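**Student:** build me a structure from this.
(one chain, ligands or ions: 1)
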Amino acid sequence: MSEQKPVLHLKNAFIFQQENLILSDISLDIYRGDFMYLIGKTGSGKSSLMKTLYGDLPLTQGEGDIVDFDLIKLKEKEIPFLRRKLGVVFQDFRLLNDRNVHDNLLFVLKATGWKDSSKCNSKIDEVLEKVGMKTKGFKMPFQLSGGEQQRVAIARALLNDPELILADEPTGNLDPKTSLEVMSVLEEINKEGKTILMATHDYALILKYPHKTIKCDGEKVFEVV
Ligand SMILES: Nc1ncnc2c1ncn2[C@@H]1O[C@H](COP(=O)(O)OP(=O)(O)OP(=O)(O)O)[C@@H](O)[C@H]1O
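**Tutor:** As a prediction, the model looks like this:
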């Protein structure tokens, strides 16, 4: 047994979309430095679980602790503070198309309380460097390939040094080669110590980069080997 406190702890948690039960009696622990996959067919509840973890769906039954927030007691006004300790990456990148890469990242820093411009600029350089995009800060999102946009979205997720990265099908819109490139970025970030939970359909990635894997199936979540 590890004596370390998990970054994410669910115990006997039940997940609903409105009144519909989606996942029942989930127990799950993720520890600092883990890389875990979440798999399951379309409609099995992966996104519902992810949404519960970043405060988009309320947890109403069971226990849920994530980066020191109690999901059962989570109040609307605490959600931005929860999100600051998480890095969330989506399938569809969600960059702001009216501003360049640098300003996309600056927007997040300003919105999360950063004031000093030189600190902002060096943080932006640091995260863009991590994802191999340091020279692309001046580009508009629509001038980038899907893989490049996802790298920027990963850089954005790293800005506030999150305790846990939740990636919901981050390679879902990318071709196989680009998926592997984006995955290698996530691998690097994990090797540097970041904790990652990644929902995916992509078995080729799982075979190439094996990690502990949990599966949503028939309202249950269980570990697969
Ligand atoms: N906003 C919503 N309101 C009601 N039901 C929803 C809502 N979003 C999802 N559901 C239902 O919850 C179930 C789980 O959906 P969810 O999106 O979590 O699955 P998923 O495993 O992420 O699927 P996919 O791989 O297609 O993204 C589905 O039956 C879906 O119809």
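**Student:** how close does Lys110 get to Asn160?
**Tutor:** From Lys110 across to Asn160, the span is 12 Å (CB to CB, to the nearest Å). For the C-beta atoms, the positions are set from N, CA and C on the backbone; glycine is no exception.
**Student:** which one's more surrounded, these two?
**Tutor:** Asn160 (19 against 13; other CB atoms under 10 Å).
**Student:** which ones are touching the more buried one?
**Tutor:** For Asn160, the contacting residues are Arg84, Lys85, Gly87, Val108, Thr112, by CB atoms under 8 Å, 6 or more residues apart in numbering.
**Student:** grab the nearest non-local neighbour of the second one.
**Tutor:** In this case it means Lys85. Nearest non-adjacent residue to Lys85, counting by CB to CB, 6 or more residues apart in numbering: Val67, 4.1 Å away.
**Student:** got the contact list for Asn173?
**Tutor:** With CB under 8 Å, 6+ apart, Asn173 has these contacts: Gln91, Asp92, Phe93, Gly146, Gln150.
**Student:** between the residues you listed, which is nearest the ligand?
**Tutor:** Gln91 (8.0 Å; CB to the nearest ligand atom).
**Student:** the closest one: neighbour count?
**Tutor:** 18.
**Student:** contact partners for it?
**Tutor:** So Gln91 contacts Asp168, Glu169, Pro170, Gly172, Asn173 (CB under 8 Å, 6+ apart).
**Student:** so the last one, which of the three states?
**Tutor:** Of the three states, Asn173 takes coil under DSSP: H, G, I helix; E, B strand; the rest coil.
**Student:** now the phi/psi pair for it, please.
**Tutor:** When read as degrees, to the nearest 10, the backbone of Asn173 gives phi -110, psi 10.
**Student:** Lys123 and Trp114 touch, don't they?
**Tutor:** Yes: the pair Lys123 / Trp114 is scored as a contact, 7.4 Å apart, by CB atoms under 8 Å.
**Student:** tell me which helix or strand the residue nearest in space to the middle of the chain sits in.
**Tutor:** Geometric centre of the chain, nearest residue: Leu166, 1.9 Å, by CA atoms, centre = their mean. Using DSSP states H and E, Leu166 sits within strand 164-168.
**Student:** what sits up against that strand?
**Tutor:** Under CB under 8 Å, 6+ apart, the answer for strand 164-168 is 7-8, 30, 46-47, 50, 53-54, 66-67, 85-91, 157-158, 186, 189, 194-199.
**Student:** hmm, try it at 6 Å
**Tutor:** Under the criterion CB atoms under 6 Å, 6 or more residues apart in numbering, residues 7, 47, 50, 53-54, 67, 86-90, 157, 194-199 lie in contact with strand 164-168.
**Student:** narrow those to those in strands?
**Tutor:** Members of the contacts of strand 164-168 lying in strands (criterion: DSSP state E): Leu86, Gly87, Val88, Val89, Phe90, Ile196, Leu197, Met198, Ala199.
**Student:** which one of these is nearest to the ligand?
**Tutor:** Ala199 (6.6 Å).
**Student:** how close does the closest one get to Asp29?
**Tutor:** 17 Å.
**Student:** in the chain, where's the longest helix?
**Tutor:** helix 176-191 (DSSP state H).
**Student:** by contact count, what packs against that one?
**Tutor:** For helix 176-191, the elements it packs on are helix 146-158, judged by 3 or more CB pairs under 6 Å, 6 or more residues apart in numbering; DSSP states H and E.
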